[in-house]
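Asks: below are the sequence and a predicted model; questions follow.
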Amino acid sequence: MTVEIHGFCEERFAPVREAFAANFADGLEVGAAVAATLRGEPVVDLWAGHADFARTRPWSRDTTVNIFSTTKAALILAFLMLVDRGQVDLDATVATYWPEFAQGGKGHVTVRQAMTHSAGVPGFDPPVEYTSLYDWDASCARLAAQPHWFGGEPRICYHAATYGFLLGEIMRRVDGRRPRQFFREEIGERAGLDFSFCRQTEAELARGAEVNSLHPVGGYIDRNELAVKVTSSTGGFGTPEQWASAEGKRAEIPAGDGATSARSLARLGAMAANGGELDGVRYLSKGILAEAVREQAHGEDPYLGEVRLGLEQHRAGLRVRLWVQDPQQVASIRQELEAELASLGRPVDLKVFALPPGTPDLRAMAGANPLQALG
């Protein structure tokens, strides 16, 4: 299916536009958007298709969509502001700020462990229905009362749904604001971001795109007994019908309820990538961002396999793979990227590949054909 692509894309990033259009031509998208910045400046901002499966609402410049666990990145940046200001100590116990959390053998759990998915409460025990997460106070009370899942051992286990309540309640106890309000006032409004931790107003609801799952949620992560236990402890992380309901959209579940546009998400990432500053306004110090990307925990996660975690989402190190069509450019591109990525202050596993001669577009990189590593 051919669709009209809206927005702009700098010529040097034309392959991004081509790949975006190819997704629609191949029937892989109903509606979507993609955006990117370079050194804080927008270089790609594209959208196309429809915001509903009936194809009655065109995807517009202002369409927002649920970003699920990418929401955690926004939550972490907001939480780090409290650490940066000295209001939260990473090595203090969670119970220092939230005394009830000390129940169940969790009194020794630190904020640093909470940020690195090592707090011992990756799900709810006993299990709850997904709709119970709509009640903030009840969810936090359950989390505080339940026992440590691993007998006090700081084991890495992705806190898929509980992460937002864990950091969010610390935030509320320290600052008085929950993530939605804190992010909006401290980052969103100042940076001009169209980002919400939950959609409260009719205008916010009206601009949202419908979402669905190609596969049953959790189907791809049923790798072991522990992953199954975590997933089932919140009703399988919900259903498309629950995500689409007005109640679901209005609920504050800051581990996965974020709604935003690709443009705003790219700008949020630019703030972190450019040393905590955006458009001349500083949100985070370079020092706290350096601490955030430093390796804090290393271990085997039941969902993600072996991970090295910073104070941010998932990995302390970066794995970068780039495919280029001109073999003569591999060495120079690799050199430029190495210099650029070195400023991040984190381990980088970088490889640059050349596409096979005659490759018509970048879709080949998703295939099984062997590619020759030249750099």
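Replies: Perfect, I can see it now.
Asks: kindly check the end-to-end length of stretch 129-146 for me.
Replies: 16 Å (C-alpha to C-alpha, to the nearest Å).
Asks: centre of the chain to it, how far?
Replies: 22 Å (C-alpha atoms, centre = their mean, to the nearest Å).
Asks: what does that stretch contact?
Replies: The contact list for stretch 129-146, computed with C-beta atoms under 8 Å, 6 or more residues apart in numbering, reads 98, 100-101, 103-104, 121, 124-125, 128, 161-162, 165-166, 168-169, 178, 234-239, 242, 247-248, 250-253. C-betas here are computed from N, CA, C, even on glycine.
Asks: of those, which count as buried by neighbour count?
Replies: Among the contacts of stretch 129-146, those classed as buried by 16 or more other C-beta atoms under 10 Å are 98, 101, 104, 121, 124-125, 128, 161-162, 165-166, 168-169, 178, 234-239, 242, 248, 251-253.
Asks: name the SS class of the residue most central in space within the chain, please.
Replies: For the chain, the residue sitting closest to the mean C-alpha position, by C-alpha atoms, centre = their mean, is residue 70 at 1.7 Å. Taking DSSP: H, G, I helix; E, B strand; the rest coil as the rule, one finds residue 70 in the helix state.
Asks: close enough to count as contact, it and residue 264?
Replies: No: in this structure residue 70 lies outside contact range of residue 264 using C-beta atoms under 8 Å: 11.6 Å.
Asks: in this protein, which ranges drop under the pLDDT threshold?
Replies: Residues of the chain meeting the criterion pLDDT under 70: 1, 200, 213-223, 312-321, 324-325, 343-347, 349, 355-375.
Asks: mind checking the SS state of residue 37?
Replies: On the basis of three-state DSSP, residue 37 is classed as strand.
Asks: got it, and the one 10 residues further on?
Replies: Classification of residue 47 using three-state DSSP returns strand.
Asks: check contacts around the nearest residue to it once chain neighbours are set aside.
Replies: Nearest residue to residue 47 in three dimensions, chain neighbours excluded: residue 33, at 3.9 Å (C-beta to C-beta, 6 or more residues apart in numbering). By C-beta under 8 Å, 6+ apart, the contact set of residue 33 is 7, 46, 47, 48, 59, 63, 65, 261, 262, 263.
Asks: gap between the residue lying closest to the residue nearest to the centre of the chain once chain neighbours are set aside and residue 193?
Replies: Of all residues not flanking residue 70 in the chain, residue 258 sits nearest, at 6.6 Å (C-beta to C-beta, 6+ apart). According to C-beta to C-beta, to the nearest Å, residue 258 and residue 193 sit 11 Å apart.
Asks: more neighbours: which of those two?
Replies: Set residue 258 next to residue 193 and count neighbours by other C-beta atoms under 10 Å: residue 258 wins out with 30 against 21.
Asks: doesn't residue 76 make contact with the more buried one?
Replies: No: with contact defined as C-beta under 8 Å, residue 258 does not count as touching residue 76 (11.8 Å).
Asks: quick revisit: out of the contacts of residue 33, which are inside helices?
Replies: 262, 263 (DSSP state H).
Asks: would TSV of the contacts of residue 33 with neighbour count be doable?
Replies: Conversion of those to TSV gives the following (neighbours: other C-beta atoms under 10 Å):
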residue	neighbour count
7	18
46	21
47	23
48	21
59	21
63	21
65	21
261	24
262	21
263	23
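Asks: now the contacts of residue 33 as JSON lines including distance to residue 304?
Replies: JSON lines is the format used below for these (distance: C-beta to C-beta, whole Å):
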{"residue": "7", "distance to residue 304": "33"}
{"residue": "46", "distance to residue 304": "30"}
{"residue": "47", "distance to residue 304": "30"}
{"residue": "48", "distance to residue 304": "31"}
{"residue": "59", "distance to residue 304": "31"}
{"residue": "63", "distance to residue 304": "30"}
{"residue": "65", "distance to residue 304": "24"}
{"residue": "261", "distance to residue 304": "27"}
{"residue": "262", "distance to residue 304": "24"}
{"residue": "263", "distance to residue 304": "28"}
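Asks: farthest pair in the contacts of residue 33?
Replies: The largest separation in the contacts of residue 33, counting by C-beta to C-beta, is between 7 and 65 at 15.3 Å.
Asks: show me the helices in the stretch 201-350 of the chain, by range?
Replies: 202-206, 225-232, 240-244, 246-250, 262-273, 286-293, 330-342 (DSSP state H, counting those that start in this stretch).
Asks: and residue 185, which of those helices is closest to it?
Replies: Across the helices of the stretch 201-350 of the chain, closest to residue 185 is helix 262-273 (C-beta to C-beta), at 15.1 Å.
Asks: other SSEs contacting the closest one?
Replies: strand 31-38, strand 41-49, helix 71-84, helix 189-191, strand 195-196, strand 277-278 (3 or more C-beta pairs under 8 Å, 6 or more residues apart in numbering; DSSP states H and E).
Asks: between those, which one is nearest to residue 225?
Replies: helix 71-84 (24.3 Å).
Asks: before we move on, back to that, okay, the helices of the stretch 201-350 of the chain, which one's buried deepest?
Replies: helix 262-273 (a mean of 21; mean count of other C-beta atoms under 10 Å).
Asks: now do that one: everything it contacts.
Replies: Here helix 262-273 has contacts from 33-37, 40, 42, 44-47, 61, 67, 70, 73-74, 77, 187, 191-195, 260, 277-278, 283-284, 289, 344, using C-beta under 8 Å, 6+ apart.
Asks: now the buried members of those.
Replies: 33-37, 42, 44-47, 67, 73-74, 77, 187, 191, 193-195, 260, 277-278, 283-284, 289, 344.
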